[in-house]
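Visitor: Sequence first, then the predicted structure, then my questions.
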Amino acid sequence: MTDAGPRAVPGAGPGGAAGAPGWALLLSALLPGAGHLALGAVGRGVLLVVPWSALLGTLYWARARVFAWEHASLDDFVAAVTAAALLLVLWVGALRDLAGRHVRPEPAGGDSQWVIAARQFRRHRPALAGLALIVLLYIVALLAPWLAPFDPIAQHDIARTSYLSPSATHWLGTDKFGRDILSRIIFGARISLSIGFIATAISVTIGTLIGAVAGYFGGKVDAVLMRGTDLVLAFPRLVLLIMIVALFSPSIPVIILVLGLTQWPGTTRIVRGDVLSLREREYVQAARALGMSRTRIILRHLVPNVLAPVIVTATLGIGNTIVMEASLSFLGLGVQGPTPAWGSMVAEGRDNLLGAWWVATFPGLIIVAVVLAFYLGGDGLRDALDPRLRSA
């Protein structure tokens, strides 16, 4: 990489100091993103103004619950912390980005692989769209008690409120018990997204450790571990899940453990293949020569160097886990009612698809959208982290 000298920073003033007029900073202090818009940075300005306005609108929408601290629940506390943190991040981020700092020279060794990967990821428009949807859904899940227009499990006068079609009062209609579909989808996001994230984290951790140990030690250790992995892969996963869940009382912790403990073989095979090539590298040989323990070599030198494919696998795995959780809920072996879950909502609407199509359609569409978002994000990460797939 050629030495390009100091990097130019938008808004940089004389002497290489980056900055913005005081009036622009004042505008952003009053409304994050307003200063960017005034200076012509429309893209960044919109990305700051829209979330800030949406959060303030949410606070106004839920003002009755926001200020009812004497009746606040844990959900309300989580929502309050989330809203405060997001507002602070947007406000500070807008001011720091607008104010800027002195121009920093380009590092002598050039950008790191992670910086290059981040730059490549930003060029992948579908991946950015998927990431935006994922972030939005997690924020909605955290702010669920403030965003949901109705109690997701409340039942009132079923004869009058059941199977109401989408309207101004119930935007996505109601189910056979008169419960608001939109509210149940919003609260169901907490269940599906939490199960997907935690279960995938468990499976990726297990798969990475087993794959690293198998690849580093080789021989009999590798043979035993990989034959066990092949055995888990050979067994139909859905049948295994149904069998395990049926043996225990279906609950969220059981579902998380079952999904996490049955999804690791794919990660194991990927990590093992990379470690088989990495264990002969010079830095690993040097670590052995210095007398480092095998545990330290695996955790400090091998695992960090296989994180790129592991991250991609985890991103794709969250989508698969959400589908599996929805499948279990659809079969009645997942999250039990009246707790809202997307899969169980689809199952509740299958008996009246023609008369009340909205009961199953909207939860089904949100499952498709979430899984597609994770797949798009994973595809963008794969292209960004794999040097062979990077665009020029």
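Guide: Perfect, I can see it now. Residues are numbered from 1 along each chain as shown.

Visitor: need the contact list for the residue nearest to residue 46 when sequence neighbours are not counted.
Guide: Nearest residue to residue 46, sequence neighbours excluded (Cβ to Cβ, 6 or more residues apart in numbering): residue 33, at 7.0 Å. Glycine gets a C-beta too; all of them are placed from N, C-alpha and C. Each residue near residue 33 by Cβ atoms under 8 Å, 6 or more residues apart in numbering is listed here: 44-50, 52, 94.

Visitor: Tell me who's in contact with residue 197.
Guide: Residue 197 makes contact with residue 318 under the criterion Cβ under 8 Å, 6+ apart.

Visitor: Buried residues, the helix or strand harbouring it. List them.
Guide: If you go by DSSP states H and E, residue 197 is part of helix 181-217. By 16 or more other Cβ atoms under 10 Å, the buried positions in helix 181-217 come out as 181-193, 195-200, 202-204, 206-216.

Visitor: returning to what we had before: just the buried ones from the contacts of residue 33?
Guide: The buried subset of those - by 16+ other Cβ under 10 Å - is 44-45, 47-49, 52, 94.

Visitor: ok, of the residues you listed, which one's closest to residue 316?
Guide: Taking Cβ to Cβ as the measure, residue 316 lies nearest residue 47 of those, at 26.3 Å.

Visitor: Ramachandran angles for the residue nearest to residue 46?
Guide: Per-residue torsions, residue 33: phi 100, psi -20 (degrees, to the nearest 10).

Visitor: Got the confidence number for it?
Guide: Note on residue 33: pLDDT of 88.

Visitor: Give me the distance between the most centrally placed residue in the chain and residue 276.
Guide: Residue closest to the average C-alpha location in the chain (Cα atoms, centre = their mean): residue 134, at 5.4 Å. Per Cβ to Cβ, to the nearest Å, residue 134 is found 33 Å from residue 276.

Visitor: now swap in residue 171 and tell me
Guide: Distance from residue 171 to residue 276, by Cβ to Cβ: 54 Å.

Visitor: what do you get for residue 142?
Guide: According to Cβ to Cβ, residue 142 and residue 276 sit 41 Å apart.

Visitor: for the stretch 51-200 of the chain, which spans come out with low pLDDT?
Guide: 100-112 (pLDDT under 70).

Visitor: Try it again at 50.
Guide: The stretch 51-200 of the chain contains residues with pLDDT under 50 at 101-105.

Visitor: can you pull out the helices in it?
Guide: 63-66, 74-99, 113-122, 125-142, 144-147, 158-161, 181-217 (DSSP state H, counting those that start in this stretch).

Visitor: Of all the ones you listed, which one is nearest residue 40?
Guide: By Cβ to Cβ (comparing all of these), the closest turns out to be helix 74-99, at 12.2 Å.

Visitor: list the buried ones in that closest one?
Guide: Those would be 75-76, 78-80, 82-83, 86-87, 90-91, 93-94, 97-98, for helix 74-99 by 16+ other Cβ under 10 Å.

Visitor: Now flag whichever of the residues you listed is closest to residue 348.
Guide: Once Cβ to Cβ is applied, the member of the buried residues of helix 74-99 that ends up nearest residue 348 is residue 75, at 23.0 Å.

Visitor: Provide a list of residues in contact with that closest one.
Guide: 144-145.

Visitor: ok, it to residue 217 distance?
Guide: 47 Å.

Visitor: repeat for residue 39
Guide: 58 Å.

Visitor: With residue 275 instead?
Guide: For residue 275, the distance to residue 217 - Cβ to Cβ - is 10 Å.

Visitor: cool, and residue 67?
Guide: Residue 67 is 60 Å from residue 217, where distance means Cβ to Cβ.

Visitor: and the nearest residue to residue 218 once chain neighbours are set aside, which of the three is it?
Guide: Excluding the flanking residues, the one nearest residue 218 by Cβ to Cβ, 6+ apart is residue 276, at 7.5 Å. With DSSP: H, G, I helix; E, B strand; the rest coil as the basis, residue 276 sits in helix.

Visitor: shouldn't residue 276 be in contact with residue 215?
Guide: Yes - between residue 276 and residue 215 there is a contact under Cβ atoms under 8 Å: 4.7 Å.

Visitor: tell me the domain ranges of this protein?
Guide: Structural domains assigned to the chain are 18-104, 158-389, following automatic domain parsing.

Visitor: Which of these sits closest to residue 122?
Guide: domain 158-389 (8.7 Å).

Visitor: still on that earlier bit, quick check: the residue nearest to residue 218 vs residue 294, distance?
Guide: As defined by Cβ to Cβ, residue 276 lies at a distance of 15 Å from residue 294.

Visitor: the more surrounded of the two?
Guide: A side-by-side neighbour count of residue 276 and residue 294, using other Cβ atoms under 10 Å, places residue 276 first with 15 against 12.

Visitor: Give the full set of residues in contact with residue 361.
Guide: Applying Cβ under 8 Å, 6+ apart, we find residue 361 in contact with residue 349.

Visitor: please begin residue numbering at 29 from this point
Guide: Let's use 29 as the start, then, which means that last one is residue 389.

Visitor: What's the local residue count around the nearest residue in space to residue 115 that is not next to it in sequence?
Guide: Leaving aside its sequence neighbours, residue 115 sits nearest to residue 83 (Cβ to Cβ, 6+ apart; 5.8 Å). Using other Cβ under 10 Å, residue 83 has 18 neighbouring residues.
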